[in-house]
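**Student:** no FASTA, just this:
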């Protein structure tokens, strides 16, 4: 049916480049489109997390394990804009249970662009501007509070900074390792290929979680948060480069036999010219797809490690670290809002996977 | 009217694509006579393969939009294949047993994990009675397979292309179907193997008295195997006649151009070949009037580009779809 | 003296491939894809290499282009005025300046064009590989060759996916001709095309030869196409030459039984022409596949209708029976042509 396919495409604007065809096809994948917007929003949140969060991530309060604050718009049947109510802790004299009692007599309006706890935006711009907040006498905890009364919503937002970037940096290391090793393997072939292949098989055979745990446990406890963070990304990348390098190698081997590569050799194009003009553009699309699929694995890896307490440690906040609080069943059943980070992980990983799916389909624009 | 085994009438098949529906077989009518070989020629994309698949209802992802494909089991029973469920049991009872098919690449018709004998036996067990090893060997012997008792125990990759095609034919003929659909069965083979396979199909057709729908792009092959020939262009039959009439006295300008544009092995050329100008148009932008008119050297201005020609039957039995031959 | 007219002389060219040879492979042998092949091509003519799949015809073409390294033998190319250069002995770096003189047309018009490049870039590629050609000259040459192969200039900015098989093949031909080569290797250049388009491309190739004086090495399995396009023909069987001769001789009076059987098997588009008894014999004969490596004897003997005892143990030499007419058969047979 090849003629039918070309005819199908020929009916499109004939001067379209392959990238343009890819874009056109990607746009028809609705789930991927939604995902790319969602992920864009996630990264924007990561960028402006301090501004969006009403409190600092380590700012304690007297209200430990407070449930999510409800936002109201009506006070005694009248529209008043967004308000919250103050809460009070009362102990049940018989059972010694702590109860949060909502004081519905006095509305506390939510203010926009308030001065809150000071922070350093991007690590060096001092500011204390926050998107919203309430007066000090009240609390706004959209996702409740943790054991120290810290605002879970703020902590979740701050956590995106680490959790979403650990994927990017890890994938970058994976990309460099995978391309270099896989490229060498596919390009030189022979003994180099054989050795690299066997080594890759060895790495692939190592069970993932024990290997992470061993490496994670080897990180000195005295290291600073930043150092640990980079160590974690390297550990994740050390495990994941094999998949990419395998892809790069097989794609290279496959493309080396394509007629147009032979045509380039016959034309007298030098090796680097062939790599630069034919091979690299040829599998750039495959790399993008593979990287997109790799990022969520990195995110999951970080979450797993930190959850086990082997990765990042408090006071750093990441989704994995936050989930440590939700390690026992009792905590989850009494304080279900502690599971919010898990929801974030699921949404983010799903979005990445849908995006990867969409890209994979779009990258082969000639397939109907 | 002669004895028909399959009658295709006004068949329209379309595909759903990203760019909208595309009709690959368009109101095509083609009777297949009992006990004869009907050759169908056409260039790639003319819909010949899709049309032939409708006989077994394996046209998916294409969809039969309208028209009839009637199979005459005998003089009394007429089965409407087009109204059957393509995955149902009714059509499955007809596939292989009554209407069998062989393909261009026999490797893909056999699974790699079972022996040839097992796979032919399996097909025989499902569709007709005897499936003993002896029966399979007999089926292989009937198609002239060398060393049949060894081949039964061999795997598809151990056979050459020609032998695989022979095995495929053995499987297709094992239930003595009344119609054999052959879709470019020799295109992937070398010339000498091709000649043997053609000879085999012809002798089996004669011996079993079956009808063959033979699809090919190669006019040389068609000339040797077919009794009647239909020439397809962009989803339509433009000319249909007995083989000798078609090759000796082609009527449609497309058929003529096709015949002239083949460099013949038995002829010396002094000048350039006669060629068809241009390329087949996109199925999304079909020409108005006669679909062939933009490439036709004999087009009549004001007629061919406006009016759709209808099929006319001429005195010598040729059916042609061309304004030049309008009575 | 004949060396003057020869553009390319191939002598004793051989290439073997290892079979199997995996990590745990037990029985690995070698298969001789090309075995001591010798022929020469006259300047400005078309030389046809005919054979079935596995006959080594593609490998020969690729060795001449130095895409496949020959094991043994010489590939002598007459570079303008100078002496014959052995392409097989050149290092990749030394080969590069000669690349623009020897170009190639591919079989598959789909996989031979990089889908990510515009037509202009595809055609310009061989020129870009040559040093010291100004940008403007490249553009001029590309535009010129585009018109030469019958494509419109406004196609240059488009991508290959927008074209049909025949148009793509024209792009491939333009790429091969942009450096004004002397020798063009056409490997099954029309076999992937539809009949109507095939004739257009064949005519184009002949037309270009007359205009530019190109020499073609035309590799094909279709005997009709070869007869139309070629001046002389070599028939290959299992990596060895069965016979070489002028087109007329090969088709009218074949001297090798294999050529005869090939001609008998190729059906001309004419019903009822296959009745000749010798052809039936060829077709009816059902040969078991030959063992992969026949070490001794004539490679064709197991399939040959005329075989004698000697064929099984002695390999026939390629002997000259008339000027330009060579046959690898022990006997002088009276055979039937097409």
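**Tutor:** Perfect, I can see it now. Model, not experiment: these values are computed from the prediction.

**Student:** For burial, what's the neighbour tally of residue C:30?
**Tutor:** Neighbour count of residue C:30, defined by other Cβ atoms under 10 Å in any protein chain shown: 13. The way it works is simple: take the backbone N, C-alpha and C, and place the C-beta from them, glycine included.

**Student:** just checking, it touches residue C:16?
**Tutor:** Yes: with contact defined as Cβ atoms under 8 Å, residue C:30 and residue C:16 form a contacting pair (4.5 Å).

**Student:** Tell me which residue of the stretch 201-338 of chain C lies closest to chain A.
**Tutor:** Across the stretch 201-338 of chain C, the shortest distance to chain A (Cβ to the nearest Cβ) belongs to residue C:217, at 13.0 Å.

**Student:** What is the neighbour count of the residue nearest to residue C:318 when sequence neighbours are not counted?
**Tutor:** Sequence neighbours aside, residue C:328 is the residue nearest to residue C:318 in space, at 4.5 Å (criterion: Cβ to Cβ, 6 or more residues apart in numbering or on different chains). When neighbours are counted by other Cβ under 10 Å, residue C:328 registers 22.

**Student:** show me where chain B has helices.
**Tutor:** Counting by DSSP state H, chain B has helices at residues B:48-53, B:89-94, B:106-109, B:116-127, B:133-142, B:148-151, B:161-173, B:191-208, B:219-225, B:243-248, B:253-261.

**Student:** Report whether the longest one contacts chain C.
**Tutor:** Put plainly, it is helix B:191-208. Yes: judged by Cβ under 8 Å from any Cβ of the partner chain, helix B:191-208 and chain C are in contact via B:191, B:192, B:194, B:195, B:196, B:198, B:199.

**Student:** From those, keep the buried residues only.
**Tutor:** B:191, B:192, B:194, B:195, B:196, B:198, B:199 (16 or more other Cβ atoms under 10 Å in any protein chain shown).

**Student:** Kindly indicate which of the residues you listed lies nearest residue C:131.
**Tutor:** Using Cβ to Cβ, residue B:191 is the member of those that sits closest to residue C:131, with 45.3 Å.

**Student:** Any regions of the stretch 101-250 of chain A where pLDDT drops low?
**Tutor:** Along the stretch 101-250 of chain A, no part satisfies pLDDT under 70.

**Student:** that older thread, looking at the residues of helix B:191-208 next to chain C, which is nearest chain A?
**Tutor:** Chain A lies nearest to residue B:194 out of these, by Cβ to the nearest Cβ, at 22.2 Å.

**Student:** Tell me how far the closest residue to that closest one other than its chain neighbours lies from chain A.
**Tutor:** Spatially, and ignoring its direct neighbours in sequence, residue B:194 is nearest to residue B:186 (4.0 Å; Cβ to Cβ, 6+ apart). In this structure, residue B:186 and chain A are 20 Å apart, going by Cβ to the nearest Cβ, to the nearest Å.

**Student:** need the contact list for residue B:186.
**Tutor:** B:165, B:193, B:194, B:197, B:198, B:216, B:218, B:221 (Cβ atoms under 8 Å, 6 or more residues apart in numbering or on different chains).

**Student:** Just list whatever residues bridge to the residue nearest the centre of chain B.
**Tutor:** When Cα atoms, centre = their mean is applied to chain B, the residue found nearest the centroid is residue B:215 (2.8 Å). Applying DSSP bridges to residue B:215 gives these bridge partners: residue B:40, residue B:183.

**Student:** Wait, residue B:197 touches residue B:163, no?
**Tutor:** No: the criterion here is Cβ under 8 Å, and residue B:197 misses it with residue B:163 at 10.2 Å.

**Student:** so what pLDDT did the residue of chain A most remote from its centre get?
**Tutor:** Using Cα atoms, centre = their mean, the residue of chain A lying farthest from its centre is residue A:94. It sits 46.4 Å away. Looking at residue A:94, its pLDDT stands at 81.
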